[in-house]
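Undergrad: I need the structure of the sequence given here:
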Amino acid sequence: MAGPPISTGAARVGGGGGGAPAYGRALTLLASLFFMWGFITVINNTLLPHLRSVFELNYTQTTLIESVWFIAYFFASIPAAKLIERIGYQKSLVVGLLIMAAGALGMVLAASLPSYGVTLVMLFVIASGITLLQVAANPYVAVIGPPETASSRLNLVQALNSAGTMLAPLFGAYLILGRSKGGTAQTGTVLTQAERLADAQSVILPYVLVAIVLVVLAIVIARFPLPAMGSSTSRVAKEERKNHSLWKHRNLVFGIPAIFIYLIAEIGVANLFVNFVSQPQIANVTAEQAGRYLTFLWGGMMIGRFAGSAIMQRIPAETVLAAFSVGAFIVMLITVFTTGPVAMWALISVGLFHSIMFPTIFTLGIKGLGPLTEEGSGLLIMAIAGGALVVVQGKLADTFGLQPSFLLTAACELYILFYALWGAKATNALPDVPVE
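TA: Residues are numbered from 1 along each chain as shown. As a prediction, this is how the structure comes out:
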């Protein structure tokens, strides 16, 4: 690996020297990783209504699929950090991509059987690979450059993640829902055993294509001169950590549950979107048609991140986060208490308000951690496991109805508002570890 190393703290990259161009090229390549894991994650949102039909699942069982996906973040985050420490960031990114490719090919096996259990296992494998990429890439983007623009920088790169999430529903709607009986039939249609088997096999082609792209990307990453984290500054940081405690930093302590709770909101909306929109009192469309509307949800998230990146150049990140959380709360109430196109477009618009939340909470959470940045980042990534609690919304939907279940999402937005107004204020801020 070539190029100047950077610290595990919020490092500044100087304007002179040859480092900046190398980092620019590295960020461009890393943006492709953000795109791919966004793309694959949202494939699940079109996969869920498909599997609901194939395996005749209730809402609780359907959302359990996504819960397994996010449980992987909890179990894989610490091993991912250990692997990065052992083999380095570049090799870890390659390993993460290959793990994802293996899981995608495993989905071919799951579809051939077909097996609900094997599907759960393979989605866990894919998510474990994404966890490894997340643990490496998010802190990397956050620490290179001035700390005061970290939120802007991560929002900009995360916009590429949103581009992947925007395109994935079109891919899934065409190659999965559009090629299946369950995806093109009206809501409530009962499939025969032969039709369910044929529908299960419709996911084979999409996942083969995904596996090929992941392997190619792994080869490109392996051959790219990616700048390395510095070993000497890591040793300095390790000694310095002994004198400080993570739990004295309010922005991190309240940031961990903020990530956890935000993921409940984002994933609940995305996973149940197709089922919600296809209901007779909302849009009364097929699952395939509803899947196309999902593109607008993720498109709004992409636009919001580009806009948020620019806004945060002038307005403090916590102020922008507070405004977006209020907007998200309002549109979720509209979703719950109205019907027809108004309810549908209100749910779609929450993507715009959710857009800046993850990258902004992440960068506010590690602000002022200095030599503790690495551990703090790992805990924030582990908190992505909050997406596993989408099964709670599934249970609420089964018990009280799908539309009222989105009151859980509205409650989540209120905690984000609390974090923006008070919890995100840094306490006991530490100096950055200097760049080697």
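Undergrad: Where does the prediction get shaky in this structure?
TA: Scanning the chain for pLDDT under 70 picks out the ranges 1-23, 44-53, 143-147, 172-201, 227-243, 374, 429-436.
Undergrad: domain ranges for it?
TA: Split into domains by the TED database, the chain comes to 24-229, 246-427.
Undergrad: would you turn the ones you listed into TSV with mean neighbour count?
TA: All C-beta spots, glycine's among them, are computed from the backbone N, C-alpha and C. Listed next are the domains of the chain as TSV, based on neighbours: other CB atoms under 10 Å:
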stretch	mean neighbour count
domain 24-229	20
domain 246-427	21
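Undergrad: how about the helices in the stretch 251-400 of the chain?
TA: Assigned by DSSP state H, counting those that start in this stretch, the helices in the stretch 251-400 of the chain fall at 255-277, 287-311, 317-337, 340-354, 357-365, 373-382, 390-400.
Undergrad: Just the element for residue 76, please.
TA: Counting by DSSP states H and E, the element that carries residue 76 is helix 59-87.
Undergrad: Does that helix pack against any helices or strands, and if so which?
TA: With contacts taken as 3 or more CB pairs under 8 Å, 6 or more residues apart in numbering; DSSP states H and E, helix 59-87 sits against helix 19-54, helix 89-112, helix 116-143, helix 255-277, helix 373-382, helix 390-400.
Undergrad: Same list (the ones you listed) but as TSV, adding distance to residue 409.
TA: Below are these laid out as TSV (distance: least, CB to CB, whole Å):
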stretch	distance to residue 409
helix 19-54	15
helix 89-112	28
helix 116-143	22
helix 255-277	5
helix 373-382	21
helix 390-400	8
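Undergrad: Could you tell me which residues make contact with the closest residue to residue 346 other than its chain neighbours?
TA: Counting by CB to CB, 6 or more residues apart in numbering, residue 346 lies nearest to residue 334, which is 3.9 Å off, once chain neighbours are set aside. Neighbouring residues of residue 334 by CB atoms under 8 Å, 6 or more residues apart in numbering: 342-343, 346.
Undergrad: quick one: which of those residues is nearest residue 154?
TA: Closest approach between the contacts of residue 334 and residue 154, by CB to CB: residue 346, at 27.4 Å.
Undergrad: Would you mind measuring from that closest one to residue 406?
TA: Per CB to CB, to the nearest Å, residue 346 is found 10 Å from residue 406.
Undergrad: is it true that residue 93 touches residue 136?
TA: Yes: counting by CB atoms under 8 Å, residue 93 touches residue 136, with 5.7 Å between them.
Undergrad: Let me see the contact set for the closest residue in space to residue 155 that isn't next to it in sequence.
TA: In space, and not counting its chain neighbours, residue 155 is closest to residue 309: 4.2 Å by CB to CB, 6+ apart. Residue 309 makes contact with 152-153, 155-156, 159, according to CB under 8 Å, 6+ apart.
Undergrad: Can you get me the start-to-end distance on stretch 388-408?
TA: Stretch 388-408 has an end-to-end distance of 14 Å (criterion: CA to CA, to the nearest Å).
Undergrad: And for that stretch, what's in contact with it?
TA: 58-64, 66-71, 73-74, 264-265, 267-269, 271-272, 275-276, 279, 332, 335-336, 343, 347, 409.
Undergrad: same question, stretch 299-307
TA: Here stretch 299-307 makes contact (CB under 8 Å, 6+ apart) with 155-156, 158-159, 162-163, 165-166, 324, 348-349, 351-356, 359.
Undergrad: now do stretch 163-172
TA: Here stretch 163-172 has contacts from 34-43, 45-47, 206, 291-292, 294-295, 298-299, 301-302, using CB under 8 Å, 6+ apart.
Undergrad: Now find how far off-centre that stretch is within its chain.
TA: The chain centroid and the centroid of stretch 163-172 are separated by 14 Å, computed with CA atoms, centre = their mean, to the nearest Å.
Undergrad: Return it as CSV; C-alpha atoms alone will do.
TA: Taking only C-alpha atoms (Å, rounded to 0.1, in the frame of the first residue of the first chain), the coordinates of stretch 163-172 have been written out as CSV:
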residue,chain,number,x,y,z
ALA,A,163,-27.4,6.2,-5.2
GLY,A,164,-27.1,2.4,-4.8
THR,A,165,-30.2,2.3,-2.6
MET,A,166,-32.1,4.3,-5.3
LEU,A,167,-31.2,2.0,-8.1
ALA,A,168,-31.6,-1.3,-6.2
PRO,A,169,-35.5,-1.2,-6.2
LEU,A,170,-35.6,-0.9,-10.0
PHE,A,171,-33.2,-3.8,-10.3
GLY,A,172,-35.2,-5.9,-7.7
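Undergrad: ok, back up a step: could you check the angle the helix holding residue 76 makes with helix 116-143?
TA: In terms of direction (axes from the mean of the first three to the mean of the last three CA atoms, to 10 degrees), helix 59-87 departs from helix 116-143 by 50 degrees.
Undergrad: ok and helix 59-87 relative to helix 373-382, angle-wise?
TA: Helix 59-87 and helix 373-382 are oriented at 160 degrees to each other (the same axes, to 10 degrees).
Undergrad: Tell me who's in contact with the closest residue to residue 81 other than its chain neighbours.
TA: Closest residue to residue 81 apart from its sequence neighbours, by CB to CB, 6+ apart: residue 378 at 4.9 Å. Listed by CB under 8 Å, 6+ apart, the contact partners of residue 378 are 77-78, 81, 135.
Undergrad: Can I get those residues in TSV including distance to residue 116?
TA: Output for those, formatted as TSV (distance: CB to CB, whole Å):
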residue	distance to residue 116
77	26
78	28
81	31
135	29
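Undergrad: Which of these sits closest to residue 25?
TA: Nearest to residue 25 among these is residue 135, at 21.7 Å by CB to CB.
Undergrad: Check the gap between the closest one and residue 123 for me.
TA: Going from residue 135 to residue 123 by CB to CB gives 19 Å.
Undergrad: All the helices of the stretch 101-250 of the chain, residue numbers only.
TA: Going by DSSP H, counting those that start in this stretch, the stretch 101-250 of the chain shows helices at 116-143, 150-172, 181-184, 193-200, 204-223, 231-241, 250-253.
Undergrad: where's the first one relative to the chain centroid, distance-wise?
TA: Using CA atoms, centre = their mean, we find the averaged C-alpha position of helix 116-143 to lie 9 Å away from the chain's own average C-alpha position.
Undergrad: quick one: that helix to helix 204-223, angle?
TA: Using the same axes, to 10 degrees, helix 116-143 lies at 30 degrees relative to helix 204-223.
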